[in-house]
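Visitor: Here's a sequence, model it:
(4 chains)
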2 protein chains.
Amino acid sequence: MTSRLPHTLRSDARDNRELILDAARAVFAAEGLNVPMREIARRAGVGPATLYRRFPTKETLVTEALAGQMRACRAIVDEGLADPDAWHGFCLVIERICELHAHDRGFTAAFMSAFPNAMDFAANREYALRSMARLARRAMDAGRLRPDFVLDDLVLMIMANGGIRAASPAAAVAASRRFAALAIQAFQASPKASPLPPAARLAPVTLIP
Amino acid sequence: MTSRLPHTLRSDARDNRELILDAARAVFAAEGLNVPMREIARRAGVGPATLYRRFPTKETLVTEALAGQMRACRAIVDEGLADPDAWHGFCLVIERICELHAHDRGFTAAFMSAFPNAMDFAANREYALRSMARLARRAMDAGRLRPDFVLDDLVLMIMANGGIRAASPAAAVAASRRFAALAIQAFQASPKASPLPPAARLAPVTLIP
DNA sequence: ACGCTACCGGACGCCATCGTCCGTTTAGCT
DNA sequence: AGCTAAACGGACGATGGCGTCCGGTAGCGT
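Guide: Numbers count the residues shown, from 1 in each chain, chains lettered A, B, ... in the order given. Predicted coordinates for the structure are as follows:
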């Protein structure tokens, strides 16, 4: 008797799974998450049923396809934390996060969405944010980051950076680079810094229409 | 003989037209422009045919519905230009523009879209931007605005502000207020100001899917 | 080489949105 | 009050996305 365990896929199934993930990554990066499931299946060269068999909901597909980007995000923050100069690390993270989001439109949407059934994705998101909070505190203690900075300002910036990508796909990377530099200007401690209006709590929202 | 001129509407037609515009304004502000035409007709309490008769394309409906916001936008910039303190006027415009866009999600999308057949809307957009450029130059000459500011930075900021609205409708106004204050921090001239990466040309895009 | 079964994808039915047609209603003028 | 044309909105067919079923294909283990 064989009784193949269901968690080992047949070779063609594994191949198709990779084709689907590749197609999903490409189209999510370019167009965002509001893409028909069939369109992804078409680009992957498989039937709709195959796509749905492998990824029953769009949420599973999105979180699996963007797991790499999420890892990259964590790596960026870790690298920033490792920098002996906290402010320098902070700035580097801002720049690289903006660049990452500029290159992948879908990742911004995913990062800002709450996936109820993707604990892994959400956990990584929390880890990255928490690490960033630690880095911010160190940069603040060093007197380089403005004292009224809060973590929600980072989320604010990520969301704002997403808005740039949304309207102008072509110039997005250049625009995001400049945006990151401006954000750093805004965040740095300065004698000329005016007090800011109160921060707003920006909770992730469930939407993948 | 009567021969009513076709450009005077019957009373019920005029009433319905206003109902449609009111419904469109409300739903555009809350949900953005990606709303089915039928949904607007439903909220206005009219049939789809009536909506299409009055506004053959979504473009005509959008530009007419948001004409008031566009006028408000112009008024804000004019008011800023009238301020004897150019930098103070500049800051006021930033704050009020962000607030305007925070309250009306559709307006941001419309402002960033190119409407080929709505010369009026586009002309107002150009006027507002041109005036803002003049105000920026004056604030720069006064030594308060950073010298490497370009008009595209303003567009960048508007797009970014739109990104905030997109993900978090509830906290949008508070978040936009803080965002505006941070933008002002970034834009002000400062000895600590680092050079910025090159600006990107951000052309309006035709999309109203 | 063969058979079992996991796997594939075309095809189906459902629903929402689209823009338009047409029979009915009603405003406005005499 | 009665007439006429403007205006109304329900209904239609087309399009496209959705998730699922099922007859055929091909990997894999013997």
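Visitor: who does the longest helix belonging to chain A touch, helix- and strand-wise?
Guide: Using DSSP state H to define each element, chain A has its longest helix at helix A:119-141. When contacts are defined as 3 or more CB pairs under 8 Å, 6 or more residues apart in numbering or on different chains; DSSP states H and E, helix A:119-141 sits against helix A:67-82, helix A:86-103, helix A:151-167. C-beta coordinates here come from the backbone N, C-alpha and C atoms, glycine included.
Visitor: What residues does chain A have near chain B?
Guide: Proximity of chain A to chain B is confined to A:112, A:153, A:156, A:159-164, A:166-168, A:171, A:174-175, A:177-179, A:181-188, A:190, A:192-194, A:196-205 under the rule CB under 8 Å from any CB of the partner chain.
Visitor: Give me the subset of those lying in helices.
Guide: A:112, A:153, A:156, A:159-164, A:166-167, A:174-175, A:177-179, A:181-187.
Visitor: give me the low-pLDDT residue ranges for chain A?
Guide: A:1-7, A:205-209 (pLDDT under 70).
Visitor: one step back: extract the C-alpha trace of the longest helix of chain A and format it as CSV.
Guide: Output of helix A:119-141 as CSV, limited to C-alpha atoms (Å, rounded to 0.1, in the frame of the first residue of the first chain):
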residue,chain,number,x,y,z
MET,A,119,-1.0,34.6,10.8
ASP,A,120,2.5,34.2,9.3
PHE,A,121,2.2,37.3,7.1
ALA,A,122,0.7,39.4,9.9
ALA,A,123,3.3,38.2,12.4
ASN,A,124,6.1,39.3,10.1
ARG,A,125,4.4,42.6,9.7
GLU,A,126,4.2,43.1,13.4
TYR,A,127,7.9,42.0,13.8
ALA,A,128,9.0,44.5,11.2
LEU,A,129,7.0,47.3,12.8
ARG,A,130,8.2,46.5,16.3
SER,A,131,11.8,46.4,15.2
MET,A,132,11.3,49.7,13.5
ALA,A,133,9.9,51.1,16.7
ARG,A,134,13.1,50.1,18.5
LEU,A,135,15.2,51.6,15.8
ALA,A,136,13.2,54.8,16.0
ARG,A,137,13.7,55.0,19.8
ARG,A,138,17.4,54.6,19.5
ALA,A,139,17.5,57.3,16.8
MET,A,140,15.4,59.5,19.0
ASP,A,141,17.7,58.9,22.0
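Visitor: The one residue in chain A that gets nearest to DNA strand C and A:Leu61, how far apart?
Guide: In chain A, the residue that lies nearest DNA strand C is A:Gly47 (2.1 Å; CB to the nearest atom of the strand). Applying CB to CB, to the nearest Å, the value for A:Gly47 to A:Leu61 is 15 Å.
Visitor: Please name the nearest non-neighbouring residue to the residue of chain A closest to DNA strand C.
Guide: A:Ala41 (6.4 Å; CB to CB, 6 or more residues apart in numbering or on different chains).
Visitor: The closest residue in space to A:Ala180 that isn't next to it in sequence: what's it in contact with?
Guide: Leaving aside its sequence neighbours, A:Ala180 sits nearest to A:Cys98 (CB to CB, 6+ apart; 3.9 Å). Residues in contact with A:Cys98 (CB atoms under 8 Å, 6 or more residues apart in numbering or on different chains) are A:Met157, A:Asn161, A:Ser176, A:Arg177, A:Phe179, A:Ala180, A:Ala183.
Visitor: of all the residues you listed, which comes closest to B:Asp85?
Guide: A:Ala183 (26.2 Å; CB to CB).
Visitor: wait, A:Ile76 sits on A:Ile97?
Guide: Yes. Counting by CB atoms under 8 Å, A:Ile76 touches A:Ile97, with 6.1 Å between them.
Visitor: Please identify which of the two sits among more neighbours.
Guide: A:Ile97 (25 against 21; other CB atoms under 10 Å in any protein chain shown).
Visitor: In contact with that one, which residues?
Guide: Per CB under 8 Å, 6+ apart, neighbours of A:Ile97: A:Cys73, A:Ile76, A:Val77, A:Ile158, A:Ala180.
Visitor: how close does the first one get to chain B?
Guide: This means A:Cys73. 17 Å (CB to the nearest CB, to the nearest Å).
Visitor: among the helices and strands packed on helix A:119-141, which is the most enclosed?
Guide: Neighbour counts averaged per stretch over these are highest for helix A:151-167, at a mean of 25; criterion: mean count of other CB atoms under 10 Å in any protein chain shown.
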